[in-house]
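**Student:** what's the 3D shape of this:
(chains A and B)
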Amino acid sequence: MKAIVTIIFITIGYFQGKKLKQQNLKKELIFYCFILTWSYVLTLLWLMELKLPSDLKGVQYLLKKMGLTYPS
Amino acid sequence: MSLEKGRINKRQLMLGVSCYIVSAFLYNSILTNVAKQDVWLIILLGFLCFIPFHFIYSAIHKRYPDLTIIQIFEKVYGKVLGKFISFLYFYFFMSLAIIYLADINDFVHSTLLDTTPSYMIIISFMFICGWAVKHGCEGFMRLAHFFFALVLFYIFITTPLLFEEIDFSNLLPAFNQPLIKYIQGIHTTLTIPIGEVFVFFMLIPYVTEKEHVTKCILKGAFAGAMILLYVTTRDMLVLGPSSTVVSSTTLEAVRLIDIGNVFTRLELIFTFIFLANSFFKMSILIYACVFTVAQIANTKDYVFIIFPVCVIISVICMYTFESTGDRAIFAITTEPTFASIYLILFPVLTLIVDTIKIKIIDKRK
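**Tutor:** From the prediction side, this is the model:
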């Protein structure tokens, strides 16, 4: 199921990129490639079931170190 | 050239703000967890504390009525610093979307679809919200009337049916919490359900009657906060101390309705109304994320950004919180401070910097 979801992601991404290319929006296309790569890397990591560190947990740790959190 | 062609009117904005605040029904146990039986007091004081910050937001808006907050940052701080702060706001809006999506996932998983994999719930929900954002803010803001009416309908239907369960002694003993709990509770109410209406700064330039914008946001916040106050207090009266151990007090309170074995399982109505409101809130958060990215990158269109942003939010959401308890701890201990940086610190700083800038320019003249 996860693989099907990933294939759907890739297909949508490809067709949207093609649409941008047809509209001749170069700057948008470069930016789109950048942000799409970011999303695909994350999808790949999810597909590989790698345990990633959560950024919000990082925020929690940082604020706790600074003494800016409330007691639970 | 404007990225958004749609326009919204003042009533849609007002009801939109109310619906946005009301969608906190899902995690109102966070507030009851902090202040317990005095939850009504912290919501009331939280709203009162929001008013001065609303005037700060209004002051910024009055100076730049046709700009979104991202464009205002570039104008006030310059291109480089402005873009950096805008990127921080993108991270903030994205974090709000991730946190809220995790709430929705937990809720749907625990109440409706307990055997469905989380990623299917997350992806299907994001697909609908992304689709709504694709059609512009006018589309989903029009739904605010309908969603607000649904909330009122829910309150009028469920409250009389819960009269039997209400026990006023559940609000006693009053005012016996330590002071830090009241401060924490007020801070949490100010930042999480009410202060988040700051997100509407991304929509303000597209409101037709600009002179009424700030009044409408305040009226909407008032209506939303009063509904939240009413429902959370009623849930406290019904559930008593057990309201601190459930994830959504509203859902648990409605579950108790049983009139002659005929009117039962009314939580399904709540689930439907809650999901409708969640769709609305999520659409606004995705819209804010996408518009922030589009304005940072100065693109001519925003539609192509929706898909990657939705994928990023969905994937990050899947590994952010390990459990509902994990999410609750984050909301109680960290989220108020984290949100304060963006909802209090930066707006106040922006107003000060802009005022100094204007004074320096006037002196030079």
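**Student:** contacting residues around the residue positioned nearest the centre of chain A?
**Tutor:** Nearest residue to the geometric centre of chain A (C-alpha atoms, centre = their mean): residue A:39, 2.9 Å. Residue A:39 makes contact with A:9, A:13, B:307, B:308, B:309, B:311, B:312, B:315, according to C-beta atoms under 8 Å, 6 or more residues apart in numbering or on different chains. The way it works is simple: take the backbone N, C-alpha and C, and place the C-beta from them, glycine included.
**Student:** Residue B:250 now?
**Tutor:** Contacts of residue B:250 (C-beta under 8 Å, 6+ apart): B:25, B:28, B:231, B:232, B:235, B:270, B:274.
**Student:** Now with 7 Å, please.
**Tutor:** By C-beta atoms under 7 Å, 6 or more residues apart in numbering or on different chains, the contact list for residue B:250 reads B:25, B:28, B:231, B:235, B:270.
**Student:** The first one: how many residues sit nearby?
**Tutor:** For residue B:25, the count of nearby residues is 26 (other C-beta atoms under 10 Å in any protein chain shown).
**Student:** buried stuff in stretch B:214-225?
**Tutor:** Buried positions in stretch B:214-225, judged by neighbour count with 16 or more other C-beta atoms under 10 Å in any protein chain shown: B:214, B:216, B:217, B:218, B:219, B:220, B:221, B:222, B:223, B:224, B:225.
**Student:** With stretch B:324-336 instead?
**Tutor:** For stretch B:324-336, a neighbour-count test (16+ other C-beta under 10 Å) marks B:324, B:326, B:327, B:328, B:329, B:330, B:331, B:332, B:333, B:334, B:335, B:336 as buried.
**Student:** Output those in JSON lines, with pLDDT appended to each entry.
**Tutor:** Listed next are those as JSON lines, based on pLDDT from 0 to 100:
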{"residue": "B:324", "pLDDT": "81"}
{"residue": "B:326", "pLDDT": "86"}
{"residue": "B:327", "pLDDT": "85"}
{"residue": "B:328", "pLDDT": "85"}
{"residue": "B:329", "pLDDT": "88"}
{"residue": "B:330", "pLDDT": "89"}
{"residue": "B:331", "pLDDT": "88"}
{"residue": "B:332", "pLDDT": "88"}
{"residue": "B:333", "pLDDT": "90"}
{"residue": "B:334", "pLDDT": "91"}
{"residue": "B:335", "pLDDT": "91"}
{"residue": "B:336", "pLDDT": "92"}
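**Student:** I'd like the next helix or strand past the lowest-mean-pLDDT helix or strand in chain A.
**Tutor:** Taking mean pLDDT, DSSP states H and E as the measure, chain A has helix A:2-22 as its least confident helix or strand, at a mean of 86. Next helix or strand after helix A:2-22 toward the C-terminus (DSSP states H and E): helix A:26-47.
**Student:** Next, give phi and psi for residue B:9.
**Tutor:** The phi and psi values for residue B:9, taken as degrees, to the nearest 10, are phi -100, psi 170.
**Student:** my guess is it contacts residue B:212, does it?
**Tutor:** No: when contacts are counted by C-beta atoms under 7 Å, residue B:9 is not listed as touching residue B:212 (9.3 Å).
**Student:** Name the helix or strand for residue B:124, please.
**Tutor:** Applying DSSP H and E, one finds residue B:124 within helix B:118-134.
**Student:** what pLDDT, on average, does that helix get?
**Tutor:** Averaged over helix B:118-134, pLDDT sits at 92.
**Student:** Can you tell me how far residue B:89 is from chain A?
**Tutor:** According to C-beta to the nearest C-beta, to the nearest Å, residue B:89 stands 15 Å off from chain A.
**Student:** What is the helix or strand in which that residue is found packed up against?
**Tutor:** Using DSSP H and E, residue B:89 sits in helix B:79-111. Other helices and strands packing on helix B:79-111, by 3 or more C-beta pairs under 7 Å, 6 or more residues apart in numbering or on different chains; DSSP states H and E, are helix B:69-77, helix B:118-134, helix B:267-296, helix B:303-320, helix B:324-329.
**Student:** any idea which of those helices scores lowest on pLDDT?
**Tutor:** Note on the helices and strands packed on helix B:79-111: lowest mean pLDDT is at helix B:324-329, with a mean of 84.
**Student:** Which secondary structure elements does that helix sit against?
**Tutor:** On a contact count with 3+ C-beta pairs under 7 Å, 6+ apart, helix B:324-329 meets helix B:79-111.
**Student:** Pull out the buried positions in the helix it packs on.
**Tutor:** B:82-83, B:85-86, B:89-90, B:92-109, B:111.
**Student:** What's the separation between the spatially closest residue to residue B:143 that is not a sequence neighbour and residue B:21?
**Tutor:** In space, and not counting its chain neighbours, residue B:143 is closest to residue B:280: 6.3 Å by C-beta to C-beta, 6 or more residues apart in numbering or on different chains. When C-beta to C-beta, to the nearest Å is the yardstick, residue B:280 and residue B:21 sit 11 Å from each other.
**Student:** got it, and residue B:365?
**Tutor:** For residue B:365, the distance to residue B:21 - C-beta to C-beta - is 43 Å.
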